[in-house]
Structures are given as C-alpha cells and as structure tokens.
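Trainee: could you look at this predicted model? Sequence included:
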Amino acid sequence: MPARRGGAAIEFAIVLPLFTTFVYAILEYGWFFWRQSLIIIALNQALRAGSFEAPDTETEESSECGACQTVAAAAAVASLERIGLAVDPDEVTPAIEAIDSTCALVFQTSLPHTSLIGLVPVPSAYDIRLVAYAQNLIGC
C-alpha cells in the first residue's frame with residue numbers, strides 16, 4: 001500500500017488561495033456596493049432638498065434656479081461628509097435639464113472609490129446619475 005502522507009497539506013495549499021481570494025472578493029465588492037448605496041441615498045436626499053426650493057423670481061427666469069442648485073450642492077456635500085467622503089461642491093452641483101418637458105435637477109458625477117483590501121479589481125469610481133423633478137421650475 002503506497003504512503004499517503006502529505007495529501008491534506010497539498011489540498012490545503014491548493015484550496016486556501018482560492019478560498020481567500022473568494023472571501024476577499026466578497027468583502028471588496030460588498031464594500032463597493034455598500035458605499036455606492038450610501039452615496040446614492042445622500043445624493044437623493046440632496047436632490048430632494050433642492051427640488052423644493054423656489055427660484056428667485058426677481059433675478060431668475062422660471063426655468064432657472066440658482067437657489068435649487070446651491071441648496072442641493074450644500075446638502076450633498078454635507079451628506080457625503082457624514083459618510084466620510086470629502087468632495088468639492090463643484091463636483092456635486094446639479095444641473096437643470098428638461099426631461100419629458102419637465103424641469104429636473106440632475107446629478108451626474110463620478111466620485112472616487114477607495115479600495116478596502118486591494119487584492120481584487122473593482123471599479124475605481126462611482127459613476128452616478130440621479131434625477132429629481134423640480135416642483136417649482138417651469139418652462140425648461
């Protein structure tokens with residue numbers, strides 16, 4: 001009968017790298033999607049805050065709303081800072097667009113992603129586009 005010593009060690013040496021890579025991939029992608037979810041929630045709240053702001057009728061047309069954009073950008077910066085992501089207000093200032101003949105505030109941004117472990121390739125940025133229809137804008 002041939003000797004079978006060391007078979008378990010060889011199996012362990014083959015399975016361990018695959019198992020740890022799989023666990024690291026779960027952790028890394030879990031981190032990525034969790035952070036993406038937090039960013040989307042923060043930006044949605046900011047868009048909501050900006051969409052209810054009324055334009056200054058003395059200085060702006062009914063389709064423009066600097067106050068809407070300012071409130072949304074400030075809310076976005078504050079919300080993102082609460083989750084540990086420091087951004088420049090210019091990166092998260094929403095645009096006003098006509099979508100289906102309705103005015104909307106639109107965040108279209110790419111925010112950097114910092115890897116948790118770094119052993120598994122994940123996207124390097126969160127590419128996000130969010131839309132909130134503005135209640136107080138007319139004629140886009």
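Mentor: Noted; the coordinates are in hand. Note that this is a predicted model, so its numbers are computed, not measured.

Trainee: output the below-cut-off pLDDT ranges for the chain.
Mentor: For the chain, the stretches with pLDDT under 70 are 1-4, 54-64, 135-140.

Trainee: can you give me how far the top helix by length along it is from the chain middle?
Mentor: Counting residues, the longest helix in the chain under DSSP state H turns out to be helix 7-51. Helix 7-51 sits 14 Å away from the centroid of its parent chain (C-alpha atoms, centre = their mean, to the nearest Å).

Trainee: moving C-terminal from that helix, which element do we reach first?
Mentor: helix 66-82 (DSSP states H and E).

Trainee: would you mind getting the angle between that next one and helix 7-51?
Mentor: If you take axes from the mean of the first three to the mean of the last three C-alpha atoms, to 10 degrees, helix 66-82 sits at 150 degrees to helix 7-51.

Trainee: which helices and strands sit right next to helix 66-82?
Mentor: Counting contacts by 3 or more C-beta pairs under 8 Å, 6 or more residues apart in numbering; DSSP states H and E, helix 66-82 packs against helix 7-51, strand 95-99, strand 102-112. Backbone N, C-alpha and C define where each C-beta goes, glycine included.

Trainee: give the other helices and strands that the longest one contacts.
Mentor: In other words, helix 7-51. Contact analysis of helix 7-51 by 3+ C-beta pairs under 8 Å, 6+ apart lists helix 66-82, strand 102-112, strand 125-133 as its packing neighbours.

Trainee: now those as TSV including distance to Ile41 and mean neighbour count?
Mentor: Output for the helices and strands packed on helix 7-51, formatted as TSV (distance: least, C-beta to C-beta, whole Å; neighbours: other C-beta atoms under 10 Å):
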stretch	distance to Ile41	mean neighbour count
helix 66-82	8	18
strand 102-112	12	18
strand 125-133	10	15
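
Trainee: so can I have CSV of those showing distance to Pro17?
Mentor: Compiled in CSV, the helices and strands packed on helix 7-51 are given as follows (distance: least, C-beta to C-beta, whole Å):
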stretch, distance to Pro17
helix 66-82, 37
strand 102-112, 29
strand 125-133, 29
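
Trainee: tell me which of those lies nearest to Gly7.
Mentor: strand 125-133 (45.8 Å; C-beta to C-beta).
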